[in-house]
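Visitor: need a structure here:
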Amino acid sequence: MKRLVSCTLSWVAATTVALGAYSCGNEPSARVEVAPDMAPDPGFQIEDPGPDPATVQANQQCLNESREALPLGLDIYVMLDSSLSMKDLLPPVEGQPQLDKWDAVTRSLEAFVAAPDTAAIGVGLQYFPQVLPGVPFTCAENDDCGASGGACSNSRCVKPGSGTVSGSQVSILTGTGDDTPCLDDTECPGAGQTCRSLLGQCIFRPGDVDFPDGSLLPAGVPALCSDTADCADLPGSVCEEVGTCQNALGGQRASCTRSIACPAGGGICVKASNVCSKQKMCHVEEYSTPAVPIRNDPGRAADISAALAAIDPIGPTPTGPALRGAIEQAQGWAQQHPDRQVITVLVTDGFPTDCSPIDINDVASIAQSATRGAQPIHTFVIGVFSDQDLGQDGVARLDTLARAGGSQKSVVINTASDVTAEVLDALNGIRDSSARCNFQLDETTLDLSKVNLEVIDGTGNSTQLLNVSSAAVFGADGQGWFYEATSTASTRQITVCPSTCKQFIAGSVRANLQIGCATRIR
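Guide: Residues are numbered from 1 along each chain as shown. Next up is the predicted model:
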């Protein structure tokens, strides 16, 4: 005769939790699959063939073993926009001094760091752009960069070359294979080489007899030029600056000029931005090195306030290298502190303007790649925009970046609102949602195929949460939990899915971890 034994041991886990549906891990082995619409069950029931001593011992272990869950500490690396547009004035408020965006946002950050609820959380800071004083942000030739700015990025060592047009050989200016910017001819040692500041390429405009649709490569290879005089052996051609189409088609972005438009679906032609080689705003290492390191000691708030007070917003918005640097700092910190959850927060008032990548999808790919590491780094996005600056697709573009970073949706604050209060609310929300839905497990002492999670509300009613393998199978109720890897091979964290997470943040439920019974999965 077979009997059914109920395994219902539970214990209270001291947890703090994460709003936002992160990628769900896929954990293994002996799980018990449960239909999503199954009625509440006091516990998973297994078949027991009889009073076998080994079985009785196993059941006692299922009923009596418990382990403490180690809450994950939280560390935040803030990448703060300090571009010139942050000095734009906000709408005046009667009876109060008029603030600019920088004043409002930095007040929020100072209040956030000083708050008692943030005391145990590590916070680090860097801002962008990082600039070299006295060196311009853009250039057309080396002379623009001055004595301390280095070479303009459009300067190259070039040499006389040849190509073929309609079967005839023509003389053109070609590269040397080295794309390093040069300062002068002494840096171009090859025979016949010179250092030139280049505008673009010799092209045939649409309507040419031989190239009715126009051509970027009339000679079969790039014919480089500083002006149309360099195109003399290509009668009818002109020297035009070459840009890149906004949208990728077939995995690649086409080249374009003022005369040769992007193909259908390619979007607008994005002009190349030339920078002085020593202007450090495009250097990733400048952003991966913090202005204030990640810390949670009592002196941190004063150091962050001092760092912010020393900044006078200036320059463009190099979001790509700034975000890449922020993620590199977060990843390095996470590797050194495997018991901490590390996130990046990007606070900006504009879209990328300078330094590759500029396209928002390319910037988003930087954030997305960080979510796939041994210890995922999630990126949160706070935007401070006027309606005019945001445009029709601004929210969608910011959401693209946030979604790629694993936080699902950006927080967009209108400059007509109380910016200081709303940025502070956004920071508090990110702190609370990132710190309350994750806790750590030790795989060396725990069988991950025999872990279950339930939540208990204020009246004592319990709900069994099901383990899910991907974000796509949370179910209509958005309930569940999943494993995420950490940088330490022997540890793994549990993350509660969004709907349950909101209940933890509100303090309306508590968690019980059940150990020893086969994991119930959706």
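Visitor: And the helices in the stretch 201-350 of the chain, which stretches?
Guide: Remark: helices assigned in the stretch 201-350 of the chain by DSSP state H, counting those that start in this stretch are 285-288, 300-309, 319-336.
Visitor: what's the most buried one of those?
Guide: Taking mean count of other Cβ atoms under 10 Å as the contact definition, the stretch among those with the greatest mean neighbour count is helix 319-336, which reaches a mean of 23. The way it works is simple: take the backbone N, C-alpha and C, and place the C-beta from them, glycine included.
Visitor: name the helices or strands packed onto that one?
Guide: Using 3 or more Cβ pairs under 8 Å, 6 or more residues apart in numbering; DSSP states H and E as the contact criterion, the elements in contact with helix 319-336 are strand 73-81, strand 122-128, helix 285-288, strand 340-348, helix 360-370, strand 378-385.
Visitor: Which of the ones you listed sits closest to residue 173?
Guide: Relative to residue 173, the nearest member of these by Cβ to Cβ is helix 360-370, separated by 30.0 Å.
Visitor: hang on, the earlier thing: for the helices of the stretch 201-350 of the chain, which one sits closest to residue 239?
Guide: helix 319-336 (28.5 Å).
Visitor: so that closest one versus strand 122-128, what angle?
Guide: 160 degrees (axes from the mean of the first three to the mean of the last three Cα atoms, to 10 degrees).
Visitor: can you pull the contacts of the spatially closest residue to residue 114 that is not a sequence neighbour?
Guide: In space, residue 114 comes closest to residue 301 once its chain neighbours are excluded; the distance is 4.6 Å by Cβ to Cβ, 6 or more residues apart in numbering. Contact criterion Cβ atoms under 8 Å, 6 or more residues apart in numbering gives 110, 113, 114 as the residues in contact with residue 301.
Visitor: that older thread, would you list the helices and strands packed on helix 319-336 in a markdown table and tack on distance to residue 462?
Guide: As requested, these are exported to a markdown table (distance: least, Cβ to Cβ, whole Å):
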| stretch | distance to residue 462 |
| --- | --- |
| strand 73-81 | 27 |
| strand 122-128 | 34 |
| helix 285-288 | 45 |
| strand 340-348 | 27 |
| helix 360-370 | 36 |
| strand 378-385 | 30 |
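Visitor: Which of those sits closest to residue 468?
Guide: Closest to residue 468 of these, according to Cβ to Cβ: strand 378-385, at 17.8 Å.
Visitor: Kindly provide the distance from residue 500 to residue 464.
Guide: Relative to residue 464, residue 500 is positioned 12 Å away (criterion: Cβ to Cβ, to the nearest Å).
Visitor: And the strands in the stretch 1-150 of the chain?
Guide: 3-7, 11-13, 16-17, 31-33, 44-48, 70-71, 73-81, 122-128 (DSSP state E, counting those that start in this stretch).
Visitor: Just the CA atoms of the last one, as PDB, please.
Guide: In other words, strand 122-128. Coordinates of the C-alpha atoms in strand 122-128 are reproduced here as PDB (Å, rounded to 0.1, in the frame of the first residue of the first chain):
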ATOM      1  CA  GLY A 122      27.400  51.400  -1.400                       C
ATOM      2  CA  VAL A 123      27.300  54.400  -3.800                       C
ATOM      3  CA  GLY A 124      30.000  55.500  -6.300                       C
ATOM      4  CA  LEU A 125      29.900  58.300  -8.700                       C
ATOM      5  CA  GLN A 126      31.400  59.400 -12.000                       C
ATOM      6  CA  TYR A 127      30.100  62.000 -14.500                       C
ATOM      7  CA  PHE A 128      30.300  62.500 -18.200                       C
END
